[in-house]
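Next input, structure requested:
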Amino acid sequence: MSNAWNYTGRVERCKRWNGAGDVRGHRAARGWTATADLTDVHPITGRALKRSEWWIFERMEDSHV
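Residues are numbered from 1 along each chain as shown. Okay, the predicted model is just below:
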């Protein structure tokens, strides 16, 4: 059994905005596109948050041209 991750199609990751500066200033790494969302629900667990938070969502761009 392999411990390596296998990705099919597109890959997405998310993280909570740390509050430093403006969320619109976030720049994704090369090969990724980013969007931000103000949400009341934790994007991973689906549980309600105590207050609304900004989350950054990054999606890996297609590797083929």
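
Listing request: residues of the protein with sub-threshold pLDDT.
1-10, 63-65 (pLDDT under 70).

which residues in this protein form helices?
Counting by DSSP state H, the chain forms no helices at all.

Quickly note the distance from the closest residue to Trp17 other than its chain neighbours to Ala48.
In this structure, Trp17 finds its nearest non-sequential neighbour in Trp54, 3.8 Å apart by CB to CB, 6 or more residues apart in numbering. Backbone N, C-alpha and C define where each C-beta goes, glycine included. Note on Trp54: its distance to Ala48, by CB to CB, to the nearest Å, is 16 Å.

and if you look at Ala34?
25 Å.

Which strand runs longest in the chain?
Longest among the strand segments of the chain by residue count, using DSSP state E, is strand 48-60.

mind listing what Val23 touches?
Residues near Val23 by CB atoms under 8 Å, 6 or more residues apart in numbering: 17, 36, 54, 56.

now with 6 Å?
If you count contacts by CB atoms under 6 Å, 6 or more residues apart in numbering, Val23 has them with 17, 36, 54.
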